[in-house]
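Engineer: give me coordinates for this.
(one chain, ligands or ions: 2)
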Amino acid sequence: MTRRPAPVIISCGEPAGIGPEIAVRAWEALKSDVNMVWMGDTRHLPAGSVFQTITDLAEASDVVQNALPVLHHPFASAITPGIPDPRNAKGVIDVIAACVGLVQTGQACALCTAPIHKKALMDGAGFAHPGHTEYLSDLGGGGRAIMMLASEQLRVVPTTIHIALEDVPHALTPDLLRETIEITARALHDQFGIAKPRLAVAGLNPHAGEGGAMGRQELEWIADLIDQMGGEGHDLRGPLPADTMFHAAARAGYDAAIAMYHDQALIPIKTLDFDRGVNVTLGLPFVRTSPDHGTAFDIAGKGLANPSSMIEALKLAAKMARAG
Ligand SMILES: NC(=O)C1=CN([C@@H]2O[C@H](COP(=O)(O)OP(=O)(O)OC[C@H]3O[C@@H](n4cnc5c(N)ncnc54)[C@H](O)[C@@H]3O)[C@@H](O)[C@H]2O)C=CC1
Ligand SMILES: NCC(=O)COP(=O)(O)O
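Structural biologist: Ligands and ions are numbered 1, 2, ... in the order given. Coordinates of the predicted model:
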């Protein structure tokens with residue numbers, strides 16, 4: 001039997017969502033190529049799933065071609081697809097932490113998270129984080145973690161992430177934007193093999209402020225910071241009007257777009273490539289990827305969920321882990 005590299009560990013995410021079914025479908029597609037283990041409650045896997053429980057991740061490589069290797073983590077209750085049970089919220093949070101432990105101890109090579117329902121976790125278990133990205137930052141030691149959504153057509157990085165739109169102008173500071181640019185450029189170089197990453201930076205306001213007529217942050221500091229960092233050796237352009245920086249010809253001019261807030265970044269990539277986009281967290285001391293979509297309660301348990309984004313997320317996790 002050929003030994004494979006340490007597995008990618010998949011956290012189950014919200015079990016009442018599509019996470020369990022896309023994990024099984026992704027295993028079916030990748031079982032010959034990617035060593036993987038799913039962590040969650042076996043009761044939450046779709047009926048008829050081909051899986052085998054293991055107790056040690058080293059067993060996965062002998063199992064994965066024939067069955068999805070599963071580390072069983074007992075949850076409080078079974079599930080009704082589409083309806084999160086508050087009693088299961090703690091299990092979802094604990095599985096993410098346990099998976100991080102497995103990556104940090106080298107038993108898994110990377111983490112691939114199935115989607116969580118943030119509000120269900122907040123309501124059910126007082127989850128103190130607005131998303132995985134912020135939780136993983138804490139689990140990884142508290143350094144800044146950055147969200148990047150990546151597909152073949154586009155990479156985007158929101159500088160502010162899960163905050164209300166009205167809070168964005170206050171949260172957006174020169175230090176935050178500088179750090180976002182630095183972490184993104186370093187990750188593109190070190191983890192994506194881009195020798196001299198070209199970054200396009202969006203403005204905050206319509207038309208990048210239109211010379212101060214539609215907002216002043218661009219004039220007051222964003223343009224200066226971009227100039228300054230350009231002088232330090234970064235390949236930067238901007239601030240660019242966000243509405244005209246995502247068409248095909250514009251995208252050809254950069255390796256990643258730095259956006260100012262969540263929707264400015266995620267709307268273009270989910271419009272271009274919803275099925276194949278991958279969420280990658282940059283700045284962590286371990287590899288973490290995720291599909292770009294959420295829990296999709298409206299279709300959970302109906303056999304309608306498309307596993308393509310999960311498949312891409314697993315492939316990218318394994319590739320990034322191999323790259324070191
Ligand atoms: N990484 C994560 O944990 C993420 C979690 N979420 C969470 O998911 C929850 C629901 O978010 P929504 O905004 O409703 O987005 P969503 O992505 O769950 O669903 C949006 C629409 O896309 C469809 N859809 C999503 N994934 C699909 C798939 N694989 N195949 C076929 N159709 C699919 C859904 O059926 C729905 O109509 C929220 O709590 C949100 O915070 C959202 C994005 C990422
Ligand atoms: N919209 C993307 C998203 O919410 C994913 O967040 P995270 O859970 O990966 O931090």
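Engineer: how near is residue 58 to residue 69?
Structural biologist: Per C-beta to C-beta, to the nearest Å, residue 58 is found 10 Å from residue 69. In short, each C-beta sits where N, CA and C put it, glycine included.
Engineer: domains of this protein?
Structural biologist: As assigned by automatic domain parsing, the chain contains the domains 1-142+284-324, 146-283.
Engineer: got the contact list for residue 318?
Structural biologist: Neighbour list for residue 318: 5, 8, 33, 34, 35, 109, 110 [criterion: C-beta atoms under 8 Å, 6 or more residues apart in numbering].
Engineer: and the fourth one, that one's in a helix?
Structural biologist: Meaning residue 34. No - remark: residue 34 does not belong to a helix; assigned using DSSP: H, G, I helix; E, B strand; the rest coil, it is coil.
Engineer: which residue ranges form the strands in this structure?
Structural biologist: 8-11, 36-40, 51-53, 68-72, 110-113, 146-150, 155-158, 198-202, 235-240, 256-259, 278-282, 288-291 (DSSP state E).
Engineer: touching, residue 191 and residue 319? I think so.
Structural biologist: No - here residue 191 does not reach residue 319: they are 9.4 Å apart, not a contact under C-beta atoms under 8 Å.
Engineer: by neighbour count, which of the contacts of residue 318 wins?
Structural biologist: If you count neighbours using other C-beta atoms under 10 Å, the busiest of those is residue 8, which has 29 neighbours.
Engineer: pretty sure residue 204 sits against residue 219.
Structural biologist: No - assessed by C-beta under 8 Å, residue 204 is found out of contact with residue 219, at 11.0 Å.
Engineer: more crowded one of those two?
Structural biologist: residue 204 (24 against 16).
Engineer: local confidence estimate at that one?
Structural biologist: With respect to pLDDT, residue 204 scores 98.
Engineer: kindly report the same for residue 101.
Structural biologist: pLDDT, residue 101: 98.
Engineer: for the residue in the stretch 1-150 of the chain that ligand 2 sits nearest to, which non-adjacent residue is closest in space?
Structural biologist: Relative to ligand 2, the nearest point of the stretch 1-150 of the chain is residue 131 (2.8 Å; C-beta to the nearest ligand atom). Spatial nearest neighbour of residue 131, excluding adjacent residues (C-beta to C-beta, 6 or more residues apart in numbering): residue 162 at 5.0 Å.
Engineer: pull the contacting residues for the one you found.
Structural biologist: 118, 130, 131, 133, 134, 262 are the contacts of residue 162 under C-beta under 8 Å, 6+ apart.
Engineer: which residues does the spatially most central residue of the chain bridge with?
Structural biologist: For the chain, residue 279 is the residue whose C-alpha lies nearest the centre (C-alpha atoms, centre = their mean; 2.8 Å). Under DSSP bridges, the beta-bridge partners of residue 279 are residue 149, residue 290.
Engineer: how much space between it and ligand 1?
Structural biologist: According to C-beta to the nearest ligand atom, to the nearest Å, residue 279 stands 6 Å off from ligand 1.
Engineer: that residue against residue 151, yeah?
Structural biologist: No - using C-beta under 8 Å, residue 279 is not in contact with residue 151; the gap is 10.5 Å.
Engineer: tell me how many other residues crowd residue 231.
Structural biologist: A total of 9 residues lie near residue 231 under the criterion other C-beta under 10 Å.
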